[in-house]
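J.: Just need the structure, nothing else, for what follows:
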Amino acid sequence: QVQLVESGGGLVQAGGSLTLSCAASGSIFSITLMGWYRQAPGKQRELVAAISSGGSTNYADSVKGRFTISRDNAKNTVTLHMNSLKPEDTAVYYCNMMMRLWSISAPLTNSWGQGTQVTVSS
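T.: Residues are numbered from 1 along each chain as shown. Model prediction:
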């Protein structure tokens, strides 16, 4: 019913920048919360950044001042601009959206992208 497609991962040197994008498609009525999570090898998945439908943002302390999350409600997309990347930012990054399908009365659905690899070399 819903598909989240991510793009923009890759290999970058420390201090460089990358931009991740995620587009949702399907029978979407509205999207309340959009976010990015990451999971490094041997570690738990963690929240990187999130943005509400009203534009309020929340960032992990480790990325504050370096990453910026934004959304386009008309296109059902979320973007993560990552600057001053560090080797410890290396992880698989996952897009996440909390949405209602079909109508305002539908229950919230939690959807995930397939993940995109970000590798930062020192």
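J.: where do the strands sit along this protein?
T.: Along the chain, counting by DSSP state E, strands occupy 2-7, 10-13, 18-26, 28-39, 46-52, 57-59, 67-72, 77-82, 91-101, 108-112, 116-121.
J.: Return the most buried member of those strands.
T.: strand 77-82 (a mean of 22; mean count of other C-beta atoms under 10 Å). Bear in mind the C-beta positions are built from the backbone N, C-alpha and C, glycine included.
J.: And that strand, what does it pack against?
T.: strand 18-26, strand 28-39, strand 46-52, strand 67-72, strand 91-101 (3 or more C-beta pairs under 8 Å, 6 or more residues apart in numbering; DSSP states H and E).
J.: Show me what the second one is in contact with.
T.: Under the criterion C-beta atoms under 8 Å, 6 or more residues apart in numbering, residues 2, 20, 22, 24, 45-53, 69, 71, 73, 76, 78, 80, 89, 91-104, 106, 108, 115, 118 lie in contact with strand 28-39.
J.: returning to that earlier point: compile the strands of the chain into TSV and extend it with columns for mean pLDDT.
T.: Listed next are the strands of the chain as TSV, based on pLDDT from 0 to 100:
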stretch	mean pLDDT
strand 2-7	95
strand 10-13	98
strand 18-26	97
strand 28-39	96
strand 46-52	98
strand 57-59	98
strand 67-72	98
strand 77-82	98
strand 91-101	96
strand 108-112	94
strand 116-121	98
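J.: among the helices and strands packed on strand 77-82, which is nearest Ser84?
T.: Ser84 sits nearest to strand 67-72 of all the helices and strands packed on strand 77-82, at 9.0 Å, using C-beta to C-beta.
J.: Centre-most residue in this protein?
T.: Taking C-alpha atoms, centre = their mean, the centroid of the chain lies closest to Trp36, which sits 2.6 Å from it.
J.: for the helices and strands packed on strand 77-82, which one sits closest to Leu85?
T.: Nearest of the helices and strands packed on strand 77-82 (C-beta to C-beta): strand 18-26, 6.6 Å.
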